[in-house]
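K.L.:
Sequence and predicted structure below; questions after.
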Amino acid sequence: MAAPPGPINAIMANESLRSKLHGSSVGFGAMTADFIFFLITFEVRKFIPENLLVVFYFIGGGLMIFLSYATLKAKVSNRSKKGNYFTGLIMGITNPYQISWWITVGLFMINEFGISIILPFFGGIIIWIFAFTTFINRLGNKYAKYVKIFSFIILLAFGLYMVYEGVISLL
């Protein structure tokens, strides 16, 4: 539940080819976004108006499409670990699926388990971040081309789908 396949994992995979720390910093940025949404959901527990979500569809979709292109064209990442952290944070904050997850599943999870869910949930994310980036890093550059192509396809598909959903929401 804490590590679904998607754009964050695609960027983590691509950055993990450089180093485990570069890939992990993307994951920790996204986890920070999850923590922010956790706090908002926990405190507010109200439904965010759908017209606000449409903005996130377009922003998030545009960001994913841009990142898919950048991932495909990138030779070796030149972002710092700090830059990767902010990439993950921005992707998480603008991802309408992450927002909608917290409005639906996250709200249910908090209502059922309260604050006690925080350690197992975020502990699971941390385990995933380290396990996934270590696995990809061990694959090494021998498979870098395939990781890059896979990451491109995932990011582009999510980006196009987000933009599509944004357009449908406006109609």
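P.N.:
Cool, got the structure. Numbering: from 1, shown residues only.

K.L.:
C-alpha from now on. contacts and neighbour counts both.
P.N.:
Will do.

K.L.:
Quick check: the gap between Met12 and Trp102.
P.N.:
21 Å (C-alpha to C-alpha, to the nearest Å).

K.L.:
Compare neighbour counts for these two and give me the winner.
P.N.:
When Met12 and Trp102 are compared for neighbours, Met12 comes out ahead with 26 against 21, by other C-alpha atoms under 10 Å.

K.L.:
which intervals of this structure have sub-threshold pLDDT?
P.N.:
For the chain, the stretches flagged by pLDDT under 70 are 1-5, 45-48, 50, 53, 74-79, 81.

K.L.:
Taking the centroid of it, which residue is nearest it?
P.N.:
Ile8 (3.2 Å; C-alpha atoms, centre = their mean).

K.L.:
ok, that one - contacts?
P.N.:
Contact analysis of Ile8 by C-alpha atoms under 8 Å, 6 or more residues apart in numbering lists Val26, Gly27, Ala30, Gly88, Met91, Gly92.

K.L.:
measure it to Tyr161 for me?
P.N.:
15 Å.

K.L.:
Let me know the closest of the contacts of Ile8 to Phe58.
P.N.:
Met91 (12.3 Å; C-alpha to C-alpha).

K.L.:
And for that closest one, the neighbour number?
P.N.:
Met91: 25 surrounding residues under other C-alpha under 10 Å.

K.L.:
what does Phe28 give?
P.N.:
Phe28 has 21 neighbouring residues, counting by other C-alpha under 10 Å.

K.L.:
For it, give its distance to Leu160.
P.N.:
25 Å.

K.L.:
repeat for Pro7
P.N.:
Distance from Pro7 to Leu160, by C-alpha to C-alpha: 12 Å.

K.L.:
Between the two, which has more neighbouring residues?
P.N.:
Using other C-alpha under 10 Å, the more surrounded residue of Pro7 and Leu160 is Pro7, with 25 against 18.

K.L.:
Isn't that one up against Phe158?
P.N.:
Yes. Between Pro7 and Phe158 there is a contact at 6.9 Å, judged by C-alpha atoms under 8 Å.

K.L.:
how about the lengthiest helix in the chain: buried residues?
P.N.:
Determined from DSSP state H, the single longest helix within the chain is helix 144-170. Within helix 144-170, the residues that count as buried by 16 or more other C-alpha atoms under 10 Å are 144, 147-160, 162-163, 165-166.
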